[in-house]
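Trainee: Sequence and predicted model, in that order:
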Amino acid sequence: MVRIVRATQAEIDEAVTALRDGELVAFPTETVYGLGANAQNPSAVQKIFEAKGRPTNHPVIVHLDSPRYLHRWVREVPATAQALAERFWPGPLTIVMARNPNVHDIVTGGQDTIAVRVPAHPMAQQLLTAFGGGIAAPSANRFGRISPTRAEHVRDEFGDAVRVVLDGGESQVGLESTIVACEPAGVRLLRPGAVTLAQLRQIVGDVQIGTLGAAPRVPGSTPIHYAPATPVTIVPADEIDTRAEDASEGGRRIAVLAQRLPLKTYPSVTWINAGRRADAYAHDLYANLRTLDKAGCEQILVQEVPGDEKWDAIRDRLLRGAAASEVESGDLAATGALGVMP
């Protein structure tokens, strides 16, 4: 059971003051922790990009406490977006729509669209309600690295660079939100998450998959993302023991993220059994990768996850996390990390 924590009034007041002063605030959502700034203050949003080392043409998600404030950020709300919001908000779904002309380019990455979400975490709701405005917030990590699911992960990444870090316990979901674009031609899934393709189709019918042509840029869509510093290789399930044993020959330190226990004890191998339940695996994924990244190993071997839909978001994150190693070998296209997994 995930422990859900509410902030004290003093903590919320401190965070609201920081946001109004143009400072950064890290806060929990049900997906991952966000690094937030006043979305109506371009210089404050710029601090997000500077802290993360994030390119300024990458859009950020604007978090609201209620859909009733959408008109401040979007030009119009399509019927498909309205239906999705009614079903999944508050929750782990980000909707991309045509932006209101008064939204600054730094929030949208210079695009004519804006990404918006209403998070479900009670502490995020506390903060957003008290602040009374939109909070621009990508994940609270260095650009391209593993997203944080605990307050301690944020502190590890940024130290004193973030004025306030609200501690809401572990993130419930553990992976970033599903992102969809509501376009004139229909709904397009741009990033998989806890809200699945099947769930989307139950609400709006046909949903296209992946980027196409002028599809909007969205957070977490770069081929290399969600990566630990230690190189990651994805290994077929029936080869994980053999690959771990071979890689550890000569005393090389190897880390393994698997869905079961090892068949035997291997020298110099740090092994994590993440289990076979997709929801539990997703919840623990980033924390497990951080643990293995700190284990002093030369390589992280990840057992290939199942191919069914409930593993789509996990598979997407693992492929992108492994892509840094694939680029070096020239095999990025073969990983499938360039698009959303079907």
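Mentor: Alright, I've got the coordinates.
Trainee: just the strands in this structure please.
Mentor: For the chain, the strands defined by DSSP state E cover 25-28, 33-38, 61-63, 93-98, 113-117, 135-136, 164-165, 178-183, 186-191, 207-209, 232-235, 254-258, 269-273, 299-303.
Trainee: The fourth one pairs with which strands?
Mentor: So that's strand 93-98. Strand 93-98 pairs in its sheet with strand 113-117 (antiparallel), strand 178-183 (parallel), by DSSP bridges.
Trainee: okay, those, which one's buried deepest?
Mentor: Most buried of these by mean neighbour count (mean count of other CB atoms under 10 Å) is strand 113-117; its value is a mean of 27. Heads up, the C-betas are built off the backbone N, CA and C, glycines and all.
Trainee: Would you map out the domains in this structure?
Mentor: The chain breaks down into these domains under automatic domain parsing: 9-209, 232-335.
Trainee: Let me know how buried Lys294 is, in neighbour terms.
Mentor: Residue crowding around Lys294 was assessed by other CB atoms under 10 Å; the count is 14.
Trainee: er, Arg6 I mean
Mentor: 13.
Trainee: ok, back up a step: possible to save the strands of the chain as TSV with mean pLDDT and distance to Tyr281?
Mentor: As requested, these are exported to TSV (pLDDT from 0 to 100; distance: least, CB to CB, whole Å):
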stretch	mean pLDDT	distance to Tyr281
strand 25-28	97	20
strand 33-38	98	19
strand 61-63	98	24
strand 93-98	97	20
strand 113-117	97	23
strand 135-136	98	29
strand 164-165	96	26
strand 178-183	95	17
strand 186-191	95	18
strand 207-209	93	22
strand 232-235	96	14
strand 254-258	98	9
strand 269-273	97	10
strand 299-303	97	10
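Trainee: among those strands, which is nearest Ala124?
Mentor: Ala124 sits nearest to strand 25-28 of all the strands of the chain, at 5.7 Å, using CB to CB.
Trainee: Can you spell out which helices and strands pack onto that closest one?
Mentor: With contacts defined as 3 or more CB pairs under 8 Å, 6 or more residues apart in numbering; DSSP states H and E, strand 25-28 has these neighbours: helix 9-20, strand 33-38, helix 122-131, helix 151-158, strand 164-165.
Trainee: Stretch 14-28: end-to-end distance?
Mentor: End-to-end distance for stretch 14-28, by CA to CA, to the nearest Å: 15 Å.
Trainee: That stretch: how far from the chain's middle?
Mentor: In terms of CA atoms, centre = their mean, to the nearest Å, the centre of stretch 14-28 is set 21 Å apart from its chain centre.
Trainee: Now do it: everything it contacts.
Mentor: Residues outside stretch 14-28 that contact it (CB atoms under 8 Å, 6 or more residues apart in numbering): 5, 7, 33-38, 41, 43-44, 47-48, 51, 121, 123-124, 127, 130-131, 135, 137, 140, 148, 151, 154, 158, 161-169, 171.
Trainee: in that stretch, what counts as buried?
Mentor: Judged by neighbour count (16 or more other CB atoms under 10 Å), stretch 14-28 contains these buried residues: 14-16, 18-19, 23-28.
Trainee: same question, stretch 95-105
Mentor: In stretch 95-105, counting by 16+ other CB under 10 Å, buried: 95-99, 103-104.
Trainee: Throw those residues into a markdown table and include distance to Val74, thanks.
Mentor: Shown next, in a markdown table, are those (distance: CB to CB, whole Å):
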| residue | distance to Val74 |
| --- | --- |
| Ile95 | 9 |
| Val96 | 9 |
| Met97 | 4 |
| Ala98 | 6 |
| Arg99 | 6 |
| Val103 | 9 |
| His104 | 14 |
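Trainee: follow-up on the earlier one: for the buried residues of stretch 14-28, which two are the farthest from each other?
Mentor: Glu23 and Pro28 (17.8 Å).
Trainee: and the residue of the chain most remote from its centre, what does it touch?
Mentor: Residue farthest from the centre of the chain, counting by CA atoms, centre = their mean, is Gly250 at 36.9 Å. With contacts defined as CB under 8 Å, 6+ apart, Gly250 is in contact with no residue.
Trainee: now for the strands paired with strand 93-98, which one comes closest to Val74?
Mentor: Closest to Val74 of the strands paired with strand 93-98, according to CB to CB: strand 113-117, at 6.2 Å.
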